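J.: Okay, predicted coordinates and the sequence, questions at the end:
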Amino acid sequence: MFKKQNSKRGLAKRNLTVIGWLMAMCFVASSARAELLIRITEGANSAIPVAVVPFAESGAMPAGDKVSSIVQADLTMSGEFKPLDPSKMLSLPSERSEVYFRDWRMLGQRYVLVGQLTSNSGRVEARYELFDVNREQRILGETAAAPAGNVRSLAHHISDRVYEAITGEPGAFSTKLAYVTLTGSGKNSVYRLHISDIDGQRSKVRLESGEPILSPAWSPDGKKLAYVSFETGKPVIYIHELATGKRTKAADFPGLNSAPAWSPDGKSLLMTLSKDGNAEVYEKNLASGKITKLTNHWAIDTEAAWDHAGKGVFFTSDRSGGPQIYYMERPGAEARRITFGSRYNARARPDSKGEYVYYVHQRERSFHIARRNLKTDEEFIVTRTGTDESPSVSPNGRMLIYATEQGGKGVLTVVSADGGAAYSLPASEGEVREPAWGPITR
Amino acid sequence: MKGHERDTVNKESISLKSPIAMSLGLHLLIVVVALAGWSWTNPMQEPEPRSISARLISPEPKPSPVVDEQDQRDEADKREQAAEKQREKDEAERRKAQQEAERKAAEKAAQEKARKIEQERKQQEAKAREKAEQQARAKEAARKKAEAEAKERERQKAEQERKRQEEAKRKAEEEKKRQEEQRRAEEAERKRKEEEARKEAERKRKEAERRLREQQLNALAEEAEEARESEARRQREAAAARAREAQMLTDSEKYQALIRDRLAQAWYPPASATENMVARLQITLLPTGELQGVTLVSSSGNTAFDNSALSAVRSLNRYPVPGDRDTFERYFRQFTIEFNPKRLR
Amino acid sequence: MMKVSAQNKAFAMLLSFGLVAGCSSTGDTMEEDGYGYDSGSDVAAIDQEGGSTVYGGEDGEGVSSSVLSDEERAEARAKAEQEALRNITTFYFDFDTSEIKQEARNALVTHARFLSSNPRQQVRLEGHADERGSKEYNLALGERRAKAVERFLVVNGASRGQIETVSYGEEKPVVRGSSESAYAQNRRVELIFK
């Protein structure tokens, strides 16, 4: 104990000495400088405080959630914002003249969103303004309208606009989610393919089957879904036009027909086939129907995905003994293994910027979603839950949705891409799995 | 022993009745066993003295008896030889004296013959004298012989007395030896105890020494520490002196660091930020630390990024600035802040 | 194909369990249960799907050993053993492997012989994986397991034309839950005779 104290004191002393030297050196360094320059290289590592003031309303508003509540929930779900509880607000302004910046500053808020809703002949119009509290400036002022039955779309639109005004990134709150639910068991199993808002609201069933449905994949324009359905007793890849409900078989070969993934231009589909006896990755040109084999290995090759630029292909292979992520710079090129350090890395999903790739990663006895920086090769465990799979990145790369288990039941969880905030989608009936985050469509 | 055992048994049977009794019993058992052990071990040490005393008591003294007898016989022989020699010597002396006397008598007779007539009468007289003398001499010799014989008897008597005394002395010595041995045993026991005590004392001494050494070491360490401290103090003082020399500048550095920390906490790099983005802002402060103005002198090219920087700069109610007016004027009246994220989350 | 007496069934079951106890060597927790039998509700399911072949056996075959001669008894036992082996229709695998376990071989050989002597018999091999890891990889893994069993059957006399394989990956677990034992029971290939 005595010694410890000594060493601590010693350390403090050393530090002081070091500081002394630094001071002396600074003297030398800065005496030559005419003007002071302070460099800020790090920011606050926390969510941005923002006040979403309940919108003023005029006219008969449709029942259900308030627009401002939906916006608030959207911003919270992103993990990047920390909306102020409306009960703590000192005033409820709805336009600029009512905004007292000092008050919001006092409350520690960086941004204030105010607005008014008017309902007129079946349409709801929103006029909303976003203020930078510190700069006392309006950074967004718009109107938007939607049919009365579509206020959620209106709210998500406002969330997108707010998100973009503050972060400079497009928001992804108006995007859609595809996922599969399972109710019942054994002979009574019912699989349903759903499409919903990203908060899980307004879900619609697009396919119902007594046999498994897997791997929904959005076409880049958001108009079609490719998926694997076992409805014929074996896995078959279908392409489903959402507007019309029209379905076509994209692959129905003997053996596996699975893991569909669209090319960024929507013209071809990557898929896993085992028609030649072993699971390999193929590319199908949707216009010509031509099928090209991209991998050729005795091992399992599956779960292909185009990189952000649509040039290279990520895929899973167990050619090293266990599943690992490989990358081909172009289709058919030699595959390079990119994941190491765990016996199980599978199902790569790159972000839209080419910065990161996300995948299922085993650590000890748990399966998590990991993120790898493609430039630095740095690996980071994004999720804190256990049996995690099916990662899907939001189109702006800021959020990640994945399937996990909660109380023995499959649920979907949204996390910010850096693992910050986690948000489980409201549990629907039965098991929820296979989330696929849809593209931004305008 | 038997009694102990019985006791033990009794105690044990009692001890089964309650935990306290059991504990008591156990303790007693331990004591008993210890006692028993003690009385067991003591006899083991005793036999030696006992066997020694047994030997002492036995009629034929056993401790090195052969050696003693031999010594005694040798001594007696020596003594006898010495007496014989003495006797021979005395005899020789006596013979010598006789021869001397005879020689003297012959000489006298020769002289008598030479003088013959002249000393006829004298001769007669001398003869008579001589005869008387001779008689006296013979008498003397007989007396001497008797004397020597008496002396010899005396000597032998003394010798016997000596022997007796020696025997007594030997016996006394043996007694003494026995006592000595006993004393030695006691001494050994005492010494053993002493040794134990000494060892204990030694241990204590060493312990004390060790403690002392530790204290000394501690003291040394403290001394060294103090030396280090004083050295550090000296350096600090030197640094302080240097700092004082550049008072204005270090003030400036200190406040720069404070401002940097405050701004880092207030800045929320937007989602679209990249490590390549740099925004430069020139800010003007009032001496109170309040922000007078800020201008974007160099844009990052990303509005959200620029705005985040501007918002951060404006979010501080009061900038930490030095009280010293000259320092403030020189460094903080107007300065530049550069926002350039290096570690994005 | 054939009707089964309750007694026969029970005997087969008993034998089957005895057999399992005899050959379970890896100490996997599920094996007792797993190698034995599809019990409970699953029996019904298999009866429906695979037909009566699952519990094949001679009608009127007595099992009361006291009235049989030794030879008859031995014959009956051999037959019952065959039946018991044929009743094993689920085969298990270790995590992320498609290697057929040693203790599965006898039963698979029996199935192969049965297929070889009944050339018109069709069998469907359904490959499955446990819920861990990714779904599509598990789909491929399930297929590899089914194909491993297919190869084994073909090598032992069955004809490729009699066999159909399909993989369900992790989609159709027999046991729900995230325990090692549940995982072990779900990593399997099921033989479904038509």
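T.: Received the coordinates, thanks. Numbers count the residues shown, from 1 in each chain, chains lettered A, B, ... in the order given.

J.: how about the helices of chain B, start to end?
T.: Along chain B, the segments classed as helices by DSSP state H run B:2-15, B:19-45, B:47-57, B:65-115, B:120-245, B:247-266, B:303-315, B:325-327.

J.: Could you single out the most deeply buried of these?
T.: When you average the neighbours per residue for each of the helices of chain B (mean count of other CB atoms under 10 Å in any protein chain shown), helix B:303-315 leads with a mean of 23. Where C-beta positions appear, they are placed from N, C-alpha and C, glycine not excepted.

J.: Would you pull up the residue in the stretch 301-442 of chain A closest to chain B?
T.: At 4.8 Å from chain B, residue A:418 is the closest residue in the stretch 301-442 of chain A, using CB to the nearest CB.

J.: Show the pLDDT at that residue.
T.: pLDDT for residue A:418: 81.

J.: and what of the one 5 residues further on?
T.: Note for residue A:423: predicted pLDDT of 80.

J.: Please say whether there is contact between stretch A:149-169 and chain B.
T.: Yes - using CB under 8 Å from any CB of the partner chain, stretch A:149-169 comes into contact with chain B via A:165, A:166, A:167, A:168, A:169.

J.: Quick check: the nearest residue to the third one once chain neighbours are set aside vs chain C, distance?
T.: With CB to CB, 6 or more residues apart in numbering or on different chains as the measure, residue B:271 is the residue that lies nearest to residue A:167, at 3.7 Å, once sequence neighbours are left out. In this structure, residue B:271 and chain C are 28 Å apart, going by CB to the nearest CB, to the nearest Å.

J.: Nearest to chain C among the helices of chain B would be which one?
T.: Closest among the helices of chain B, using CB to the nearest CB: helix B:303-315, at 35.6 Å.

J.: average pLDDT for the closest one?
T.: 93.

J.: cool, and stretch B:168-175?
T.: On average, stretch B:168-175 scores 86.

J.: next one: it to chain centre, how far?
T.: What separates the centre of stretch B:168-175 from the centre of its chain is 41 Å, taken as CA atoms, centre = their mean, to the nearest Å.

J.: same question, stretch A:154-164
T.: Remark: stretch A:154-164 is offset 16 Å from the chain centroid, using CA atoms, centre = their mean.

J.: tally of neighbours for residue A:111?
T.: 26 (other CB atoms under 10 Å in any protein chain shown).

J.: What pLDDT is listed against it?
T.: Looking at residue A:111, its pLDDT reads 97.

J.: Torsion angles phi and psi at the residue lying closest to it once chain neighbours are set aside?
T.: In this structure, residue A:111 finds its nearest non-sequential neighbour in residue A:50, 4.4 Å apart by CB to CB, 6+ apart. Torsion angles at residue A:50 (phi, psi; degrees, to the nearest 10) stand at phi -140, psi 140.

J.: got it, and residue A:263?
T.: Torsion angles, degrees, to the nearest 10, at residue A:263: phi -80, psi 150.

J.: I figured it was touching residue A:271, is that so?
T.: No - contact criterion CB atoms under 8 Å: residue A:263 and residue A:271 do not qualify, at 11.5 Å.

J.: Quick check on those two: which one has the bigger neighbour count.
T.: Comparing residue A:263 with residue A:271 by other CB under 10 Å, the one with more neighbours is residue A:271, at 28 against 19.

J.: circling back: return the set of residues that bridge with the residue nearest to residue A:111.
T.: Beta-bridge partners recorded for residue A:50 (DSSP bridges): residue A:83, residue A:111.

J.: Can you say which of the helices of chain B is nearest to residue A:189?
T.: helix B:303-315 (47.5 Å; CB to CB).

J.: Packing partners of that closest one?
T.: Contacts defined by 3 or more CB pairs under 8 Å, 6 or more residues apart in numbering or on different chains; DSSP states H and E place helix B:303-315 against strand A:123-132, helix A:151-167, helix B:247-266, strand B:279-285, strand B:291-298, strand B:334-339.

J.: returning to that earlier point: neighbours around the residue nearest to residue A:167, how many?
T.: Residue B:271, neighbours per other CB under 10 Å, totals 23.

J.: Kindly report the same for residue A:105.
T.: For residue A:105, the count of nearby residues is 16 (other CB under 10 Å).

J.: rewinding a little: give me the common contacts of residue A:263 and residue A:271.
T.: residue A:283 (CB atoms under 8 Å, 6 or more residues apart in numbering or on different chains).

J.: Throw the helices and strands packed on helix B:303-315 into JSON lines and include mean pLDDT, thanks.
T.: Below are these laid out as JSON lines (pLDDT from 0 to 100):
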{"stretch": "strand A:123-132", "mean pLDDT": "95"}
{"stretch": "helix A:151-167", "mean pLDDT": "95"}
{"stretch": "helix B:247-266", "mean pLDDT": "83"}
{"stretch": "strand B:279-285", "mean pLDDT": "94"}
{"stretch": "strand B:291-298", "mean pLDDT": "93"}
{"stretch": "strand B:334-339", "mean pLDDT": "93"}
